[in-house]
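Visitor: need coordinates for the following:
(one chain, ligands or ions: 2)
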Amino acid sequence: MNVGSTRLAGETNRRLTPALPKHALVPPAQLHQQKQPWHRREHGDTPARPHQLTAMYDPSQEPPEVTVLVLGDADVGKSTFISRLSLGIQPYSDDSLPPYALPVLRDYDQPFTFNVSLYARPYSLAFYDTASPTSYTLLCPDFIILCYDISQRATLRSIRDKWLPLVNKHFNYDEALPVMVLGLKRDLRQEWTDAEKGADGKGRGESVMPQEGLGLASEGLCDRYAECSALTGELCKQVLEDVARTAAKTTTEKGAKSDGMECVVM
Ligand SMILES: Nc1nc2c(ncn2[C@@H]2O[C@H](COP(=O)(O)OP(=O)(O)OP(=O)(O)O)[C@@H](O)[C@H]2O)c(=O)[nH]1
Ligand SMILES: [Mg+2]
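Guide: Ligands and ions are numbered 1, 2, ... in the order given. Predicted structure coming up:
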């Protein structure tokens with residue numbers, strides 16, 4: 001993904017003194033041993049975050065790695081989304097949509113790491129899926145994506161009742177940690193029927209409408225809201241760009257917290 005000369009809001013000459021890549025001080029032979037302690041933490045630890053460090057950008061160094069934790073109820077489509085992302089990181093020049101086979105990602109290969117180029121700089125995005133590792137509360141992510149299934153209202157309620165409280169409890173070490181609410185399976189959204197709306201017109205159907213997802217994300221003080229269908233590819237490119245842009249921002253001094261809700265829904 002390369003969005004060319006687009007500039008980050010508030011990013012002026014920060015690109016000349018970007019965050020120190022996590023591996024910058026580590027000889028290549030030690031990279032593997034060094035990586036795990038960074039991502040895992042003991043409860044109560046507050047590890048130094050890479051974007052607190054600054055150094056001159058050195059193209060010979062490993063690109064900054066941004067850890068993205070994908071959370072949400074079972075079956076909402078998290079793995080399929082990440083699988084779609086692995087294709088979309090190199091977008092098709094003609095913007096063509098599937099059908100094409102999505103790669104099968106094996107849980108034990110986590111994290112799923114994709115290299116992207118954004119603002120003329122390389123980044124490495126490392127995605128962790130909720131299903132494994134089960135001890136995801138010990139991870140120290142740079143960015144969290146809370147997923148729900150647009151066709152299953154209960155999965156949105158879970159974001160409010162389960163996943164947001166979990167994020168606030170386990171990942172409160174960093175106020176700058178950006179959180180996105182992502183509605184998946186957009187292709188399954190159904191208009192509410194008259195019966196569902198009821199006589200007073202105030203009833204709701206099983207499908208979640210964009211304003212409801214956006215409202216919950218906003219009430220939960222999340223930074224971004226987006227929707228897509230990993231199956232049809234609808235809005236995937238836009239969401240992937242937004243994920244990559246947010247991930248890239250986490251490596252700047254300002255971080256990726258937004259002043260207000262930003263939204264990818266059309
Ligand atoms: N219609 C439709 N189906 C989807 C979409 N994404 C995923 N699915 C289907 O939803 C089911 C669950 O998808 P997964 O990606 O395995 O869901 P998950 O959240 O990773 O599930 P767990 O790993 O069990 O937590 C599969 O049958 C997918 O084919 C989508 O965008 N549209
Ligand atoms: Mg899965």
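
Visitor: check which element follows the helix or strand hosting V181 along the chain.
Guide: According to DSSP states H and E, V181 maps onto strand 179-184. Counting by DSSP H and E, the next helix or strand C-terminal to strand 179-184 is helix 194-197.

Visitor: would you mark the buried spots in stretch 101-119?
Guide: 102, 105, 110-112, 114, 116-119 (16 or more other Cβ atoms under 10 Å). C-beta: built from backbone N, CA, C; applies to glycine.

Visitor: before we move on, what about stretch 64-79?
Guide: Result for stretch 64-79 [16+ other Cβ under 10 Å]: buried residues 64-73, 76-79.

Visitor: please convert the residues you listed to JSON lines, extending it with distance to ligand 1, pLDDT and secondary structure.
Guide: Compiled in JSON lines, the buried residues of stretch 64-79 are given as follows (distance: Cβ to the nearest ligand atom, whole Å; pLDDT from 0 to 100; DSSP: H, G, I helix; E, B strand; the rest coil):
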{"residue": "P64", "distance to ligand 1": "27", "pLDDT": "86", "secondary structure": "coil"}
{"residue": "E65", "distance to ligand 1": "23", "pLDDT": "88", "secondary structure": "strand"}
{"residue": "V66", "distance to ligand 1": "21", "pLDDT": "91", "secondary structure": "strand"}
{"residue": "T67", "distance to ligand 1": "18", "pLDDT": "92", "secondary structure": "strand"}
{"residue": "V68", "distance to ligand 1": "15", "pLDDT": "94", "secondary structure": "strand"}
{"residue": "L69", "distance to ligand 1": "13", "pLDDT": "95", "secondary structure": "strand"}
{"residue": "V70", "distance to ligand 1": "8", "pLDDT": "95", "secondary structure": "strand"}
{"residue": "L71", "distance to ligand 1": "10", "pLDDT": "95", "secondary structure": "strand"}
{"residue": "G72", "distance to ligand 1": "6", "pLDDT": "95", "secondary structure": "strand"}
{"residue": "D73", "distance to ligand 1": "7", "pLDDT": "94", "secondary structure": "coil"}
{"residue": "V76", "distance to ligand 1": "4", "pLDDT": "97", "secondary structure": "coil"}
{"residue": "G77", "distance to ligand 1": "3", "pLDDT": "96", "secondary structure": "coil"}
{"residue": "K78", "distance to ligand 1": "4", "pLDDT": "95", "secondary structure": "helix"}
{"residue": "S79", "distance to ligand 1": "3", "pLDDT": "93", "secondary structure": "helix"}
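
Visitor: many thanks, have a good one.
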